[in-house]
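Asks: Give me the fold of what follows.
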Amino acid sequence: MANIMQKIVCDIHNGVQNSRKTIEFLQKNSKWTWVGNYPIAIVNEINRIKDEESLKNLKAMGFFDGDGFSKHTYTTKEIKELKETAPLALKTAYCLCLKKQREGDYNFLEKFPHDRWKKVTDETDNFEALVEFSKFSESDDSKTIETAIRDIMRSAKEIPSLKRIGFVWIVTLPKSVKVIDILEHYFGDNYIFVEAGRKITYIAWGDTLSGINMRYFVNTP
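Replies: Model prediction:
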């Protein structure tokens with residue numbers, strides 16, 4: 001897995017270095033399949049939706065069954081409609097790196113009956129790595145940045161199909177904002193960077209998301 005992750009990161013590095021549209025670059029110049037804005041969780045129960053407009057749109061779609069629960073399987077067309085009309089009903093990842101072209105429907109499963117989310121499954125063992133992206137400004141301090149990456153990783157670790165695969169964090173920020181202590185704390189030596197003008201983009205990774213230790217903090221909460 002380590003060698004695979006190094007190759008994936010090399011492709012991402014090329015994408016960041018050579019294009020402002022990293023995912024589009026990867027889709028054309030990598031042996032892996034890259035899917036941006038990948039749906040990773042679908043809301044499980046009607047009472048979890050508090051936004052009236054979203055609830056109205058979901059009811060119009062017939063999203064919930066008679067007992068107020070969502071279904072487990074969705075077509076690409078249904079996912080697209082959800083993103084457009086009720087984005088609060090799903091969570092997406094910046095990008096998912098797949099071993100081969102994605103086929104068939106998206107499948108989701110809850111662990112307990114009244115969970116907030118049904119989580120994406122990977123029956124065909126096609127997931128290779130989860131890629132997330134963050135952008136920070138000069139007004140963001142170390143605590144803000146650490147909170148952001150911890151939230152990203154904690155949320156993804158709750159999804160079994162993502163927890164066991166590689167994880168990549170792309171983070172863009174002004175050169176004046178220091179992030180090395182956070183990168184080294186969570187990713188060790190597994191990070192590289194691309195400089196462009198006053199900004200710098202770091203690419204940090206873990207061979208598996210579950211292997212990243214979140215027990216300790218850089219900034220004491």
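
Asks: Over to Ser137. Which of the three states is it?
Replies: Using DSSP: H, G, I helix; E, B strand; the rest coil, the structure places Ser137 in coil.

Asks: And it, its phi and psi?
Replies: phi -110, psi 180 (degrees, to the nearest 10).

Asks: and it, how many residues sit next to it?
Replies: 10 (other C-beta atoms under 10 Å). Any C-beta I mention is one placed from the backbone N, CA and C, and that applies to glycine too.

Asks: my read: it touches Pro174, true?
Replies: Yes: with contact defined as C-beta atoms under 8 Å, Ser137 reaches Pro174; the gap is 6.8 Å.

Asks: quick one: the strands in this structure?
Replies: Along the chain, counting by DSSP state E, strands occupy 33-43, 73-74, 90-98, 106-109, 117-120, 127-135, 166-174, 191-196, 199-206.

Asks: next one: phi and psi at the nearest residue to Leu55 once chain neighbours are set aside?
Replies: Nearest residue to Leu55, sequence neighbours excluded (C-beta to C-beta, 6 or more residues apart in numbering): Ile49, at 4.8 Å. The phi/psi pair for Ile49 (degrees, to the nearest 10) reads phi -100, psi 110.

Asks: List the residues that contact Ile49.
Replies: 43, 55, 58, 86, 88-89 (C-beta atoms under 8 Å, 6 or more residues apart in numbering).

Asks: again with Ser30
Replies: With C-beta under 8 Å, 6+ apart, Ser30 has these contacts: 11, 15.

Asks: swap in Met214?
Replies: Per C-beta under 8 Å, 6+ apart, neighbours of Met214: 150, 153-154, 157, 186.

Asks: Over to His13?
Replies: His13 neighbours (C-beta under 8 Å, 6+ apart): 192, 194, 203.

Asks: partners of the most centrally placed residue in the chain in the sheet?
Replies: Nearest to the mean C-alpha position of the chain, by C-alpha atoms, centre = their mean, lies Ala93 at 2.9 Å. Going by DSSP bridges, Ala93 is paired in beta bridges with Tyr38.

Asks: One more: the one 5 residues further on?
Replies: Each beta-bridge partner of Leu98 is listed here, defined by DSSP bridges: Thr33, Phe127.

Asks: how close does it sit to Ile49?
Replies: 29 Å (C-beta to C-beta, to the nearest Å).

Asks: any chance of the contacts of His13 in JSON lines, with pLDDT, distance to Glu132 and neighbour count too?
Replies: Output for the contacts of His13, formatted as JSON lines (pLDDT from 0 to 100; distance: C-beta to C-beta, whole Å; neighbours: other C-beta atoms under 10 Å):
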{"residue": "Ile192", "pLDDT": "98", "distance to Glu132": "16", "neighbour count": "15"}
{"residue": "Val194", "pLDDT": "97", "distance to Glu132": "17", "neighbour count": "18"}
{"residue": "Ile203", "pLDDT": "98", "distance to Glu132": "11", "neighbour count": "24"}
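
Asks: Just put the residues you listed in JSON lines and tack on distance to Lys77.
Replies: JSON lines is the format used below for those (distance: C-beta to C-beta, whole Å):
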{"residue": "Ile192", "distance to Lys77": "38"}
{"residue": "Val194", "distance to Lys77": "36"}
{"residue": "Ile203", "distance to Lys77": "33"}
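
Asks: Pick the one among those residues closest to Phe64.
Replies: Ile203 (39.8 Å; C-beta to C-beta).
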